[in-house]
Every structure is written in structure tokens, then in C-alpha cells.
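Colleague: Need coordinates for the below:
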Amino acid sequence: MNSLDFSFEPSPWEAWLRTKQMGDSVSAAELLTLLEEEPQQAAEDALQEMEMACMTLDISGLSRNVAAGEAAVRLKQEMQLAAGGLDPRKLEENDPLRVYLEEVAHTPAFGDEAVLAADAAKGRSSAREQLANLGLSRVIELAREHAGFGVLLLDLIQEGSLGLWQAICNYHYGDYAAHRDKWIRFYMAKAITLQARASGVGQKLRTALEDYRAVDERLLGELGRNPTLGEIAEELHISREEAEAVSRMLDNARLMQKARPAEAEPEPTDDDEQAVENTALFQMRARIGELLSVLSEQDRELLTLRYGLEGGLPLSAADTGRKLGLTPDEVTAREAAALARLRNK
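Modeller: Down below sits the predicted model:
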């Protein structure tokens, strides 16, 4: 049997994400630099892992208008449109965005979101549909905030709508509005991050890191002291805020380097099964399994069903309860207790 060339050492993005905790905010700019030479599947795995860990994706370090040609013209137009309140009358009559905005404006949407969310958590499909209709206007509002980041508004709205539906399906207790907005923003930020990757933003950010490091070292030699952030920004002809963002990325890169294990990984074998287990998906599931091992068997199964951890769709509290012989309230209570234990682990 031929020897297989693979390693169990985590990739840079995996090692970096392991330094994060459930619910943390992750810089899209930093993630893109780590994913620059990785295949597309790695980028999708990283974003899926973030989603499962309920992390947020911060796109503030990315630039607007990264497209070229006609796409750049449209993005600029949409930025102006969003800044002015996104009035569909300012678009051509047959413009797809205008058609969609007018359709949403005429979609029946009524009811108290908090009450509907509680009903949806109990598995009532009619409440979910009403929440979806009510949430479309919020999706459009949040799309305005993300206008110009390389993704057209209609695509942002589509991604945000997927996030809205995930929020509705995953809601079980707490502030529904905050929960809803977090999921919508994550899906929009995910689309923006993938588009930025396709546009080569990772390479541009890596170049910025290298330039920053070179100027920092040069000024240290010239001044005989550590240069200030303002001095580095002036040399690089960038704003202080941009220099600060690059500085943070460098600091995080150093922390990630320190977090890597000092001992060498075990020698790989030529077992085909081991090669399959070395996929990012297997590693992610293994880490989730390790995390859930502190819970009882029933609580592990409960979280697996609620969040679709084994590849299925997330189930409502009512559907989960039917499978486990519990009431929706018992599912919600056990889930809250299990998540609290994981956060304190």
C-alpha cells in the first residue's frame, strides 16, 4: 500500500479558531489572511465551525467597493440608495431589487414578535411563517448597513433571509430580536467574507501585514524606540484606524503562534481510514464530541437534535421533545442548563 502524505497538525485557521470561545467575535480580515492559501472547502468549513459555535463575524476590517467594472458602479449606486433610505422609487421599474422591495412592502406582516417567537419555539408552523414575514423588513434594514461590501443588496437580502429562518428555527428562549439580528448579520457577513476571498482580499491584507512589520522594524532602528501607531500609519500612508486594525491582526498572529503545541505530532500511518479522519469535518466533529462529553447521554442527544450536529436540520423544542419523550418546556430548560455548563467548562 502506498504511503499517504498527510498531517494531523491543525491548519493555521483551525489553530486560530481554537483560541476562540463560544460566542466570540471573529475578524473577517484576519480569517481571510489565514485562509489565503487554503482551498474553498476550508473557508466553508471555517465559517461552518463559527456558525456552530455561535460566533459573530466582524467585517469592519474589510473595505467597501472591492469589485470592478459594472459591478463597482452598481455597488456604489446601492450604497447611495441605502444611505438615502432604500426608496424603491429611485430604481428602474423593472429593476429586480425594486420589484422585491415592493413585494415585501405588500406582504401581510402582523403580530407581536415576542409572542410569536414563544409559539414558534413550541413548534407552531403558523407562528414561524408570521415571524418570517415580520422579519423581512428587518432583513432589508440590516442589508442597508452592509451595502457596498462587494455583495449586491438583493444577494445580501437573500442571505439575510436564510439567517432569519435559521434564527426562527433555532430560537428557544431569551431576547428574540437580538437573536434574530445576530443570525441575519452572520449570514450577510459570511456572504461578504466569501466574496472578499474571491476578490483576493486575503492577499492584500497579507501584504499590508508584511508592510506594517517592515516599517515597524525600520522605524525601531531609526528612532531607537518602538514607533507609535501614528508614525507607522504616516509611513504607510494609511489612517490610524487602518494601522490599528493591522496591528491587532499581528498581535493575534503572535498569540496563535504561541498557542501551537511545542511537541511534534505523532508519525502518520498509511492507513486509509486515518486519512479520512484527517478531514476538517472530522476534526470539527471530534472537538464537538469532546466538548459534549461532559454532559449526560440525554443532554448530548438533546443538543445534537436541537442544533443538527450530526448533519440533520435543527429541530424545534417540540420536535426534540417528541423524540426524547419530553415536553417543550423540559427541552428548553435542559438545553439552557446544558449550554450553561458548556460555557463554564
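
Colleague: Report the contact partners of L57.
Modeller: By Cβ atoms under 8 Å, 6 or more residues apart in numbering, the residues touching L57 are S25, V26, A28, L31, L47, M50, R185, F186, A189, K190, T193. Heads up, the C-betas are built off the backbone N, CA and C, glycines and all.

Colleague: so which pair among those residues is furthest apart in space?
Modeller: L31 and R185 (15.6 Å; Cβ to Cβ).

Colleague: Tell me which of those two has more neighbours.
Modeller: L31 (25 against 19; other Cβ atoms under 10 Å).

Colleague: Show the contacting residues for the more buried one.
Modeller: W13, W16, A46, L57, T193.

Colleague: repeat that with 10 Å
Modeller: 13, 16-17, 43, 46-47, 50, 57-58, 61, 193, 196-197, 202, 205 (Cβ atoms under 10 Å, 6 or more residues apart in numbering).

Colleague: Go through those residues and give me the one with the most neighbours.
Modeller: Going by other Cβ under 10 Å, T193 tops the contacts of L31 with 28 neighbours.

Colleague: roughly how far apart are that one and A43?
Modeller: 8 Å (Cβ to Cβ, to the nearest Å).

Colleague: can you check K76 too?
Modeller: For K76 relative to A43 (Cβ to Cβ), the value is 27 Å.

Colleague: E301 now?
Modeller: Per Cβ to Cβ, E301 is found 31 Å from A43.

Colleague: one step back: the contacts of L57 in strands, which ones?
Modeller: S25, V26 (DSSP state E).

Colleague: Now flag whichever of the contacts of L57 is closest to L86.
Modeller: Proximity of those to L86 (Cβ to Cβ) peaks at R185, which lies at 17.1 Å.

Colleague: Contacts only, for F110.
Modeller: Remark: with contacts taken as Cβ under 10 Å, 6+ apart, F110 is in contact with L116, Q130, N133, L134.

Colleague: so what does the host helix or strand of the second one touch, helix or strand wise?
Modeller: Pointing back at Q130 there. Assigned by DSSP states H and E, Q130 belongs to helix 125-145. Applying 3 or more Cβ pairs under 10 Å, 6 or more residues apart in numbering; DSSP states H and E, one finds that helix 125-145 makes contact with helix 70-83, helix 96-105, helix 113-121, helix 153-170, helix 176-198.

Colleague: how far out from the middle of the chain is the longest one?
Modeller: Between the centre of helix 176-198 and the centre of its host chain there is 6 Å, according to Cα atoms, centre = their mean, to the nearest Å.

Colleague: quick check: angle from it to helix 125-145?
Modeller: 50 degrees (axes from the mean of the first three to the mean of the last three Cα atoms, to 10 degrees).

Colleague: And for the first one?
Modeller: Regarding helix 70-83 and helix 125-145, their directions subtend 110 degrees when assessed with the same axes, to 10 degrees.

Colleague: residues of helix 70-83 that come out buried?
Modeller: Applying a neighbour-count criterion of 16 or more other Cβ atoms under 10 Å, the buried positions in helix 70-83 are L75, E78, M79, L81, A82.

Colleague: And for it, what's in contact with it?
Modeller: With contact meaning Cβ under 10 Å, 6+ apart, helix 70-83 is reached by 64-67, 86-88, 90-91, 97-98, 140-141, 143-154, 156, 199.

Colleague: If we use 7 Å, what do you get?
Modeller: R64, N65, A67, K90, R144, A147, G148, G150, L152, L153 (Cβ atoms under 7 Å, 6 or more residues apart in numbering).

Colleague: ok, so of those, who is nearest R213?
Modeller: Using Cβ to Cβ, the contacts of helix 70-83 come closest to R213 at R64, 25.7 Å.

Colleague: for the stretch 151-300 of the chain, what spans make up the helices?
Modeller: 153-170, 176-198, 201-223, 229-236, 240-259, 272-277, 280-292, 297-307 (DSSP state H, counting those that start in this stretch).

Colleague: Send me the last one as CSV with only the CA atoms.
Modeller: Put plainly, it is helix 297-307. Provided in CSV are the C-alpha atoms of helix 297-307 (Å, rounded to 0.1, in the frame of the first residue of the first chain):
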residue,chain,number,x,y,z
GLU,A,297,-26.2,11.0,27.3
GLN,A,298,-29.7,12.5,27.1
ASP,A,299,-28.4,16.1,27.1
ARG,A,300,-25.9,15.2,24.4
GLU,A,301,-28.7,13.8,22.2
LEU,A,302,-30.9,16.8,23.0
LEU,A,303,-28.3,19.3,21.8
THR,A,304,-27.5,17.2,18.8
LEU,A,305,-31.1,17.3,17.7
ARG,A,306,-31.7,20.9,18.5
TYR,A,307,-28.6,22.1,16.6
